[in-house]
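Student: Compute the structure for the input listed below.
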Amino acid sequence: MKSFQQRLLTTILIWLGILLAGMLILIGQLFPVYEQMENKLQIWSFLALIFIVAMLFSAVIGYRIIKVQALPIENVTETALELAKGNYRARAYEFSNIGTVELSSAINVLARNLQEITAVREMEQERLKTLIENMGSALIMIDRQGSVTLFNKAFTYEFALKDKELSDKFYKEIEIPAELEAFIEHVFMLEQPAREQLKFTQGMNTRHIDVYGAPVIGKHEQWHGIVIVAHDITELKRLEGIRRDFVANVSHELRTPVTSIKGFSETLLDGAYVDQSALLSFLEIIHKESNRLEMLIQDLLELSRIEREGFQVDAQPTEMDALIETAAERIQGRLEEKNISLKLELQPVLVQGDANRLIQVMINLLINAITYSGAGTAITVRLFEKDGEAVTEVEDQGIGIAASELPRLFERFYRVDRARSRNQGGTGLGLSIVKHLIEAHHGKVEVRSEVGKGTTFTIYLPLAR
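Tutor: Okay, the predicted model is just below:
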């Protein structure tokens, strides 16, 4: 910019010099004053004075020209350089000079447009980043060289990884399941979208994920890499298994008594009723199976009511020790049948609960303990307060439960020993009903067990307000 000013000033001085010379010649022709002067010194002094005046005049004129013409251009140039550096907040002064005001305005319009475009782009990038980080599915993007370029928190959480273990790493260096690595290679090889459900082991647990992979295609069909999206469906698979087991179990539980009733009734109709002893025996079996079928249907209906949305219990201040004693009286006959003793270690505790529902809970827990306990053993029921809660323990000396079976203990129709529970008339729904009723009381139920030594169920209930 300085060279431009220098060239402009030099041009002005040259033209002013030519103009001065012309003026001197004109003065010399029109006013021959110098001939009348006494000596040459006066002539040179007069010429010097004229020259100095001309120089001052040219300097003033040049400064004005530079200020009017060069400074706006210099300001516009500096603004353009700032814009090139990425500073879209820079603005040019809009001078009143007609020759440069349009240029300054155009530069400012360009700067505002670039600033708006940058703001929109930053906002879109922030939205995209927020979306990727907070999406429920795990996402990872791998470039064409196989290096990880993008991932979200869900991916690190899903596969127990840290950010430094993923950033700019080759995907084969990442500690991911072999099934997922094989899927990534499959998408890389085919360069086509693919979707699979993968099953793998993580620690002691079996995991299921629904994974989708697709190539990332840019402009002009340029291939940039692949993107993988994985969604955890472990819980869905577990619920699907429970549903499948429930359908199979309820079909089996209903079919067994119906088959017995149908078979013995057909036998009686074929003429077996003539034999008095056979008639009574068959009728007893039909009656027993009818009771079993009725009990199963009642438990199914009861569980359906409890699981219904909006189910609530009539919680009132209730004496928990009195409820346990009532439940113990109702199952006294079963205790005597198997010669099992019941020990009650009860403290007076007032809970906030529904008396009828809590009696149902205790009867189910006691019947479960009787079912899986041998003759001559003992069942102990304890009641006490701890940490502001009412704690009830039902301990037996039965067959116990393996640790692998504990997570499924409260599922519908799940039995530790199917043959024993069926022979004694169990439906497999008692513990599931217990769990739902305790949760409806805003409490919780826990179980600890050791195979061959027995099982202890512990329920926690809120104290009466």
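Student: From now on I want contacts and neighbour counts done on CA atoms only, so please keep to that.
Tutor: OK.
Student: after the helix or strand harbouring R243 comes which helix or strand?
Tutor: Assessed by DSSP states H and E, R243 sits inside helix 234-269. Sequence-wise, the next helix or strand downstream of helix 234-269 (DSSP H and E) is helix 276-307.
Student: What average pLDDT does that next one get?
Tutor: Helix 276-307 shows a mean pLDDT of 81 in the predicted model.
Student: The helix or strand hosting I324 - contacts with which helices or strands?
Tutor: Using DSSP H and E, I324 falls within helix 320-330. Under the contact criterion of 3 or more CA pairs under 8 Å, 6 or more residues apart in numbering; DSSP states H and E, helix 320-330 touches helix 355-371.
Student: and the angle from the helix it packs on to helix 320-330?
Tutor: Relative orientation of helix 355-371 versus helix 320-330 (axes from the mean of the first three to the mean of the last three CA atoms, to 10 degrees): 50 degrees.
Student: ok so, going back, now do the helix holding I324: everything it contacts.
Tutor: Residues outside helix 320-330 that contact it (CA atoms under 8 Å, 6 or more residues apart in numbering): 346-351, 355, 358-360, 362-363, 366, 383.
Student: Just the buried residues of that helix, please?
Tutor: Using 16 or more other CA atoms under 10 Å as the test for burial, helix 320-330 gives 320-324, 327-328.
Student: is it possible to export those to CSV including distance to E173 and pLDDT?
Tutor: Formatted as CSV, the buried residues of helix 320-330 follow (distance: CA to CA, whole Å; pLDDT from 0 to 100):
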residue, distance to E173, pLDDT
M320, 59, 93
D321, 61, 93
A322, 64, 93
L323, 61, 93
I324, 60, 93
A327, 61, 92
A328, 62, 92
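Student: now the helices for the chain?
Tutor: For the chain, applying DSSP state H gives helices covering 2-30, 40-65, 71-85, 98-134, 153-158, 178-190, 234-269, 276-307, 320-330, 332-337, 355-371, 418-423, 430-440.
Student: Just give the closest residue to the most centrally placed residue in the chain, not the sequence neighbours.
Tutor: Note on the chain: the residue nearest the mean C-alpha position is G136, at 3.5 Å, using CA atoms, centre = their mean. Among residues not flanking G136 along the chain, A154 sits closest, at 6.6 Å (CA to CA, 6 or more residues apart in numbering).
Student: my read: the one you found touches M135, true?
Tutor: Yes: under the criterion of CA atoms under 8 Å, A154 makes contact with M135 at 7.4 Å.
Student: And this protein, split by domain according to the record?
Tutor: Domain assignment for the chain, taken from automatic domain parsing, gives 2-115, 135-232, 238-307, 316-462.
Student: where does the stretch 301-450 of the chain dip in pLDDT?
Tutor: Applying pLDDT under 70 to the stretch 301-450 of the chain flags residues 309-310, 413-427.
Student: one step back: using TSV, lay out the helices of the chain together with distance to V447.
Tutor: Output for the helices of the chain, formatted as TSV (distance: least, CA to CA, whole Å):
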stretch	distance to V447
helix 2-30	89
helix 40-65	96
helix 71-85	68
helix 98-134	36
helix 153-158	29
helix 178-190	35
helix 234-269	20
helix 276-307	21
helix 320-330	19
helix 332-337	22
helix 355-371	11
helix 418-423	19
helix 430-440	11
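Student: Quick one, which of these gets closest to I226.
Tutor: Closest of these to I226 is helix 178-190, at 7.1 Å (criterion: CA to CA).
Student: pretty sure G218 is touching H224, no?
Tutor: Yes: under the criterion of CA under 8 Å, G218 makes contact with H224 at 6.7 Å.
Student: Which one of these two is surrounded by more residues?
Tutor: Just comparing G218 and H224: by other CA atoms under 10 Å the higher neighbour count belongs to H224, 16 against 10.
Student: What separation is there between the more buried one and N291?
Tutor: When distance is defined by CA to CA, to the nearest Å, H224 is 69 Å away from N291.
Student: again, but for V227
Tutor: 59 Å.
Student: got it, and H436?
Tutor: Noted for H436: a distance of 24 Å to N291, by CA to CA.
Student: M204 is nearest to which of the helices of the chain?
Tutor: Comparing the helices of the chain by CA to CA, helix 234-269 comes nearest, at 13.7 Å.
Student: Report the distance from the closest one to the chain centre.
Tutor: Centroid separation for helix 234-269 versus its chain: 38 Å, with CA atoms, centre = their mean, to the nearest Å.
Student: Which strands or helices does it pack on?
Tutor: Using 3+ CA pairs under 8 Å, 6+ apart, helix 234-269 sits against strand 205-217, helix 276-307.
Student: per-residue confidence averaged over it?
Tutor: The average pLDDT for helix 234-269 rounds to 80.
Student: buried stuff in it?
Tutor: Under the neighbour-count criterion of 16+ other CA under 10 Å, helix 234-269 has 234, 242, 245-246, 249-250, 253, 257-258, 260-261, 264-265, 268 buried.
Student: now swap in stretch 104-114 and tell me
Tutor: The neighbour-count check on stretch 104-114 (16+ other CA under 10 Å) flags 104-105, 107-108, 110-112, 114 as buried.
Student: Now distance to K129 and pLDDT too, for the residues you listed, in TSV please.
Tutor: What follows is the buried residues of stretch 104-114, written out as TSV (distance: CA to CA, whole Å; pLDDT from 0 to 100):
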residue	distance to K129	pLDDT
S104	37	78
S105	36	80
I107	32	81
N108	31	83
L110	28	84
A111	27	83
R112	25	85
L114	22	84
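Student: just to revisit the earlier point, of A154 and M135, who's got more company?
Tutor: Neighbour totals were compared for A154 and M135, and A154 leads with 20 against 12 (other CA under 10 Å).
Student: A111 versus that one, what's the distance?
Tutor: 39 Å.
Student: rewinding a little: return the most buried member of the domains of the chain.
Tutor: domain 316-462 (a mean of 18; mean count of other CA atoms under 10 Å).
Student: How far does that domain stretch from one end to the other?
Tutor: From start residue to end residue, domain 316-462 stretches across 11 Å - CA to CA.
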